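Undergrad: this one's sequence-less:
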Ligand code: NAI
């Protein structure tokens, strides 16, 4: 954390005094579902960003204590609590990035799609409020099933006449974080150097790590490709089963979501070298939404990195074809959910 601030260092009576000089740009971030298993550690991590001037924590309950606790950290962000629907609009006014981890997580034996009935409504209602109060914000959707909740959010924004496809993101960063970790472990690589693009969607076989595009270039046996791909696809279930009914990934998810927030803030701040994978409206394949590596800029998605999809192995080409029916059905289910209510 110390390194990410600009410091004026003084020696006073043999003591070193660090004065934090705020950076020129400062952004407001809102977390909707901030008192939850993901929301709390995510709030902690975002609170440490020197790019954040205000952190708005919204939940239907229990958020006051989280905000009071976090507000004692000597970080630049002002932390404010907003509880219940009556305070939702104020939580969103003037916000640059909205992160949505609100909703129920999986229990053992459940697929992400089993969460649809509850989370679809939660996401719909929250995105309606985003459309009314901060339509220009970047929107990060974490609530599962991401393959459907992102199309739901898009339909809601369209109905409200404020849809900007460049600013709506399904957060798939955890798939990349997991792929990087597992590949580095398997191949004995320095973790910090490893980058594996993950494309498709965010559920089961729709999660497709492109191991042939791993940086640094590394070769895998067919058996390694199969094992790594299946482990990355099922990593969420690994955590759900280990937690045995107490929820799904929260800490690694918060880490991954904080990385995506920081990348978005860097892009908003004018950094011209920001790349992340995300599930977004896309023209890379025939489906309307697709996760791929994107370039982020001040206005959101600046480019799709199509090179990742060129020169794929036969295994990856087959897996890409195989994931399309499930991904298509999940997208259509999300769209239909909003349209049937018209
Ligand atoms: P949790 O149950 O611990 O927390 C959810 C929070 O949302 C609670 O504090 C609850 O009060 C709040 N909430 C419920 N309805 C709300 C509403 N209408 N407005 C605002 N807040 C509301 O769940 P957890 O573990 O934090 O997971 C949240 C979601 O994230 C789940 O849908 C889970 O499947 C998803 N997830 C997504 C991942 C991804 O990679 N995109 C990875 C892991 C989980």
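TA: On my side now, so go ahead. None of the values given here were measured: they were computed from a predicted structure.

Undergrad: So which residues of the chain form helices?
TA: Per DSSP state H, the chain carries helices over the ranges 39-47, 63-70, 88-92, 116-133, 146-159, 173-187, 222-243, 251-268, 314-339.

Undergrad: The ligand contacts on the stretch 101-250 of the chain?
TA: With C-beta under 6 Å from any ligand atom as the criterion, the stretch 101-250 of the chain meets the ligand at residues 101-106, 115, 119, 122, 126, 142-144, 146, 171, 174, 202, 247-250. Glycine gets a C-beta too; all of them are placed from N, C-alpha and C.

Undergrad: mind listing which of the residues you listed are in strands?
TA: Of those, none are assigned to strands by DSSP state E.

Undergrad: before we move on, the earlier item: list just the one of the helices of the chain that sits closest to residue 214.
TA: helix 173-187 (5.9 Å; C-beta to C-beta).

Undergrad: tell me the average confidence for the closest one?
TA: Mean pLDDT, helix 173-187: 98.

Undergrad: What is it packed up against?
TA: The contact analysis (3 or more C-beta pairs under 8 Å, 6 or more residues apart in numbering; DSSP states H and E) places helix 173-187 against strand 198-200, strand 207-209, helix 222-243, helix 251-268, strand 274-281.

Undergrad: now with 10 Å?
TA: Applying 3 or more C-beta pairs under 10 Å, 6 or more residues apart in numbering; DSSP states H and E, we find helix 173-187 packed against strand 198-200, strand 207-209, helix 222-243, helix 251-268, strand 274-281, strand 289-297.

Undergrad: ok, now which ones touch residue 238?
TA: Each residue near residue 238 by C-beta atoms under 10 Å, 6 or more residues apart in numbering is listed here: 178, 231, 249.

Undergrad: of those residues, closest to residue 155?
TA: Nearest member of the contacts of residue 238 to residue 155, counting by C-beta to C-beta, is residue 249, at 27.1 Å.

Undergrad: What about that closest one, how many residues nearby?
TA: By other C-beta atoms under 10 Å, 23 other residues sit near residue 249.

Undergrad: mind checking pLDDT for the residue lying closest to it once chain neighbours are set aside?
TA: Nearest residue to residue 249 in three dimensions, chain neighbours excluded: residue 239, at 4.4 Å (C-beta to C-beta, 6 or more residues apart in numbering). pLDDT, residue 239: 97.

Undergrad: Residue 106 is in contact with residue 239, correct?
TA: Yes: assessed by C-beta atoms under 10 Å, residue 239 is found in contact with residue 106 at 9.3 Å.

Undergrad: hey, what's in contact with both of those two?
TA: Joint contacts of residue 239 and residue 106 (C-beta under 10 Å, 6+ apart) are 247, 248, 249.

Undergrad: need those in a markdown table with pLDDT, can you?
TA: Shown next, in a markdown table, are the shared contacts of residue 239 and residue 106 (pLDDT from 0 to 100):
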| residue | pLDDT |
| --- | --- |
| 247 | 93 |
| 248 | 95 |
| 249 | 97 |
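
Undergrad: List just the nearest of those to residue 28.
TA: Checking the shared contacts of residue 239 and residue 106 against residue 28 with C-beta to C-beta, the nearest one is residue 249 at 26.6 Å.

Undergrad: Now for residue 267: which residues touch it?
TA: The contact partners of residue 267, by C-beta under 10 Å, 6+ apart, come to 138, 273-276, 295-302.
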